[in-house]
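*Asks:* with the sequence up front, the predicted model follows.
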Amino acid sequence: MSEQNVVVKTDVVLVGAGIMSATLGAILRQVQPDWSITTFERLDAAAAESSDPWNNAGTGHSALCELNYTPAKSDGTVDITKAINVNEQFQVSRQFWSYAVDNGILTDPKEFINPIPHVSFVHGADNVKYLRARYEALASHPLFAGMEYSESEDFFTERLPLMAKGRDFSDPVALNWAESGTDVDFGALTKQLLNHVASSGGTVHFGHEVRNLTKQSDGSWIVKVENLRTRAKKTVNAKFVFVGAGGGALHLLQKSGIKEAKGFGGFPVSGQFLRCTNPELIDQHRAKVYGKAAVGAPPMSVPHLDTRVINGKPGLLFGPYAGWSPKFLKQGKITDLPGSVKPNNLMSMLGVGLTEMSLTKYLIGELMQSPADRIGTLGEFVPKAIGKDWELITAGQRVQVIRKKGKGGVLEFGTAVVNAEDGTIAGLLGASPGASTAVPAMLDVLQRCFPREFEAWKPTLQQMVPSLGQKLSDNVDLFQQVWDWSTRSLQLGGASDSVPAQAAPVVESASV
């Protein structure tokens, strides 16, 4: 009997071997260890698309430094609502990782998480005024305690020597400095989680692409899979399917035929970074420094000079510079975008095309940049930057969500969970802040798709995430407990091993 005529039964199919599928698989292994889990990945390795540390546009997002999460209001004050929400989500992920280390699910935290300060940087009088207001709004909040603010040239030079060299400090500067930030290598994290799923009875198939999904009368799914090496076909019957295929998720959700996916479209944006090749420069900078996006630029374009720890070694990159490709995956096809246009999302996509002219203008400007232009942009952060110390790399694709709105559509820069009403299939669309909120996103999937089981799972889930169902913002004692626990478990010692009870005072300006 040929392989394609054999129907393999499994409880759960995970499509894609990235951080989302790996997280969901690891959680399910704890709450329902008797379920069979089968993972299919089209590439030959785990985390080879957006979860890869060089492909992921941002690491360790916890809203400590990202200025697009703290917009200024018309009265000059700063709205911190989104920053608090993102930080709350990151704390959930951090708690699960701590539990996973304590229980042998994750083996070596230093492989995937390391202390790195998170810093907001601005220059110019108006921007300095904004950053001061941001500090005043955040510093008294328990999740942001310990943040420092400075307009001092000495403070800047001591903390950020690479950025200080050659800088004209007659142009006012300001920093928000959060020593408690981290760098997360989601590629290494994904591999550890998947290793646990596989070693505890799950199966992971690389070089296998899911071609189609068909709903059965009993609520299960027929999953058609092709071995990309041998071209052999496989048929799998699954009670539950999670589509964690990054940019490939939209196509599969469309093929599933579920009504909840109708009207959704995707807009692909690629990213490029300058990666430092000079070890001396890398050694002079150890921080994630985020600036302000240019006027008219989308939130995902926030420039940052970013220390990353990969395979135990620090690296340094700057960007992103936007690119464009019709591919939905870095290793996708040029037919991905046109192939995603359906009668049910055509008006949504046309509507976005008409309303997002500023994004179109921004992308055209980015695509026209020369190597000298890119170094010029880097010069705002590294005044002495020269081209020979930096190489251009292409990061992963980002497929931003287009959602139906009225007769047209709206472009969203976030992550959307899409699930069938009966809970038999779910998928994740969108990007930022993405990987850093993988755990709350997957808990959301479980609650949506397994409401009855979720209640029975709660005792175990609360061991994994002690703050489950609560806001740490509302319970400072619990926050301090889980912070101290996660700091010990994740071996985040040193300057970030505790959260001060009060934020540091403003450092008075020495340059203006």
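*Replies:* Nice, I can see it.
*Asks:* please make it C-alpha for all contacts and neighbour counts, starting now.
*Replies:* Will do.
*Asks:* any weak-confidence spans in the stretch 251-400 of the chain?
*Replies:* When residues are selected by pLDDT under 70, those of the stretch 251-400 of the chain lie in 295-300, 328, 353-367.
*Asks:* do that again at 80, thanks
*Replies:* 267-271, 294-301, 322-325, 328-331, 336-338, 341, 345-369, 396-400 (pLDDT under 80).
*Asks:* now the helices: where do they sit in it?
*Replies:* Along the stretch 251-400 of the chain, counting by DSSP state H, counting those that start in this stretch, helices occupy 279-283, 336-340, 346-355, 357-367, 371-378.
*Asks:* how about the second one: buried residues?
*Replies:* Just to be clear, that refers to helix 336-340. Asp336, Leu337, Ser340 (16 or more other C-alpha atoms under 10 Å).
*Asks:* how about those in CSV, adding distance to Ile375?
*Replies:* As requested, the buried residues of helix 336-340 are arranged in CSV below (distance: C-alpha to C-alpha, whole Å):
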residue, distance to Ile375
Asp336, 32
Leu337, 31
Ser340, 36
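*Asks:* closest to Ala72 out of those?
*Replies:* Comparing these against Ala72 with C-alpha to C-alpha places Leu337 closest, at 34.8 Å.
*Asks:* for the closest one, what are its contacts?
*Replies:* The neighbourhood of Leu337, defined by C-alpha atoms under 8 Å, 6 or more residues apart in numbering, consists of Gly266, Phe267, Pro268, Pro326, Lys327, Phe328.
*Asks:* let me know the closest of those residues to Gly104.
*Replies:* Phe328 (35.0 Å).
*Asks:* does anything pack onto the helix ranked longest in the chain? Which helices or strands?
*Replies:* The longest helix of the chain (DSSP state H) is helix 81-102. When contacts are defined as 3 or more C-alpha pairs under 8 Å, 6 or more residues apart in numbering; DSSP states H and E, helix 81-102 packs onto helix 438-449, helix 451-464, helix 476-489.
*Asks:* could you give the angle of the second one to helix 438-449?
*Replies:* The reference is to helix 451-464. 150 degrees (axes from the mean of the first three to the mean of the last three C-alpha atoms, to 10 degrees).
*Asks:* helices or strands up against helix 451-464?
*Replies:* Short answer (3+ C-alpha pairs under 8 Å, 6+ apart): helix 451-464 packs on helix 19-31, helix 81-102.
*Asks:* now do 6 Å
*Replies:* Contacting helix 451-464 under the criterion 3 or more C-alpha pairs under 6 Å, 6 or more residues apart in numbering; DSSP states H and E is no other helix or strand.
*Asks:* chain center to it: distance?
*Replies:* How far helix 451-464 lies from its chain's middle: 25 Å, per C-alpha atoms, centre = their mean, to the nearest Å.
*Asks:* just the C-alpha atoms of that helix, please, in CSV.
*Replies:* Only the C-alpha atoms of helix 451-464 are listed here, as CSV (Å, rounded to 0.1, in the frame of the first residue of the first chain):
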residue,chain,number,x,y,z
PRO,A,451,-12.9,26.0,26.8
ARG,A,452,-14.0,22.9,28.8
GLU,A,453,-10.5,21.4,29.0
PHE,A,454,-9.0,24.8,29.9
GLU,A,455,-10.8,24.8,33.3
ALA,A,456,-9.4,21.4,34.1
TRP,A,457,-5.9,22.6,33.0
LYS,A,458,-6.0,25.7,35.1
PRO,A,459,-4.1,24.2,38.2
THR,A,460,-1.2,23.1,36.0
LEU,A,461,-1.3,26.4,33.9
GLN,A,462,-1.1,28.4,37.1
GLN,A,463,2.0,26.5,38.1
MET,A,464,3.5,27.6,34.8
